[in-house]
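A.B. asks: Predicted coordinates and the sequence they were generated for:
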Amino acid sequence: MRIGIGLLLAALTAFGCFPSTGQAQMIVAHRGASFVAPENTLASFHEAWKQGADVIEGDFYLTKDGQIACIHDKTTERTSGGSAKLKIADSTLEELRSVDVGTWKAAKYAGQHIPTLEEVLATIPESGKIFIEVKCGTEIIEPLQAAIKKSNLEDEQIIIICFDKEVVRQCREKMPQYKASWLTSYKEDKTTGKWKPSLESVVATLKQTGATGLGTQANDTVVTPDFVKAIREAGVECHVWTVNDPKQAQRYAGLGFDSITTDKPAETREAVASGK
């Protein structure tokens, strides 16, 4: 009987019926451990694993020659410190790899280049996972399938995330073995004071896309216990980004979120574990 009750309590907690103790949240390293290392570089991802992250998150575009490059912006201008302004979609992988994307963060990272998806996947330990954020459109899906298959990672180690509803829908349709979260931020209507998208719209999109999870912006006004309850009742997971404040991390842990994405994985894990 004790075992049965324990399983029931665990299930109720997982679905948001009881507050989480904060111990079960996956800590997701946003673009790697990007507070200390240059984002979306191998240095940043290796640092994330050193800091004990459960998951790394990276951003990916398809290049002109059909390769998948790990970079957040549409161009290299910001992460090259202004030294190069190559548009990812109009550049070959070789051209992009010639750009130094480490020096802007610190001199010790000079020579870091834009990695491929394959290189990023190769950093993942047996117990690790990755949030693959698609920054372009559906044209990436076929190359993405091939790259993931080549990696020999287990299905449960891969989670695809995207703001584009059609990308999420097609990923779920063509690669149902992988989880896929739809991402959203929020904008306040200054006239009505209401936030968009509405909760009803969010739930509708999750159902339309077949998403297995919601990746929500950490907007404390929008994301209330009732918001989380509605998402759980829709049958999907709850993930939040990007949380660097310890108190805010504890708030989302208390709301029972499945993962917390942060630039500071070690500090955020400590905050969540302490619960203070």
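C.D. replies: Now that the structure is in, tell me what you want to look at. Predicted model, so just to flag it, every value in this text is computed and none were measured. Residues are numbered from 1 along each chain as shown.
A.B. asks: hang on, isn't residue 144 packed against residue 130?
C.D. replies: No - assessed by C-beta atoms under 8 Å, residue 144 is found out of contact with residue 130, at 12.0 Å. Quick note: C-beta positions are derived from backbone N, CA and C, even for glycine.
A.B. asks: For the stretch 101-250 of the chain, just list every one of the strands.
C.D. replies: Along the stretch 101-250 of the chain, the segments classed as strands by DSSP state E, counting those that start in this stretch run 129-134, 158-162, 179-184, 187-188, 195-196, 213-217, 237-241.
A.B. asks: can I get the ones you listed in a markdown table with distance to residue 225 and mean neighbour count?
C.D. replies: Below are the strands of the stretch 101-250 of the chain laid out as a markdown table (distance: least, C-beta to C-beta, whole Å; neighbours: other C-beta atoms under 10 Å):
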| stretch | distance to residue 225 | mean neighbour count |
| --- | --- | --- |
| strand 129-134 | 25 | 24 |
| strand 158-162 | 24 | 25 |
| strand 179-184 | 18 | 23 |
| strand 187-188 | 20 | 12 |
| strand 195-196 | 16 | 14 |
| strand 213-217 | 14 | 22 |
| strand 237-241 | 11 | 22 |
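A.B. asks: Turn the ones you listed into a markdown table, columns for mean pLDDT and distance to residue 56.
C.D. replies: Conversion of these to a markdown table gives the following (pLDDT from 0 to 100; distance: least, C-beta to C-beta, whole Å):
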| stretch | mean pLDDT | distance to residue 56 |
| --- | --- | --- |
| strand 129-134 | 99 | 5 |
| strand 158-162 | 99 | 11 |
| strand 179-184 | 98 | 15 |
| strand 187-188 | 98 | 28 |
| strand 195-196 | 98 | 30 |
| strand 213-217 | 99 | 15 |
| strand 237-241 | 98 | 13 |
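A.B. asks: closest to residue 57 out of these?
C.D. replies: The closest of those to residue 57 is strand 129-134. By C-beta to C-beta, the value is 4.0 Å.
A.B. asks: for the protein, which spans come out with low pLDDT?
C.D. replies: Where the chain drops to pLDDT under 70, the residues are 1-23, 276.
A.B. asks: try it again with 90
C.D. replies: For the chain, the stretches flagged by pLDDT under 90 are 1-24, 275-276.
A.B. asks: So which residues of it form helices?
C.D. replies: 2-14, 42-50, 93-97, 117-121, 141-151, 165-174, 199-209, 225-233, 246-254, 265-274 (DSSP state H).
A.B. asks: ranking these by burial, who's on top?
C.D. replies: Most buried of the helices of the chain, by mean neighbour count (mean count of other C-beta atoms under 10 Å): helix 42-50, with a mean of 23.
A.B. asks: packing partners for that helix?
C.D. replies: If you count contacts as 3 or more C-beta pairs under 8 Å, 6 or more residues apart in numbering; DSSP states H and E, helix 42-50 packs onto strand 26-30, strand 55-62, helix 117-121.
A.B. asks: Right, I'll leave it there.
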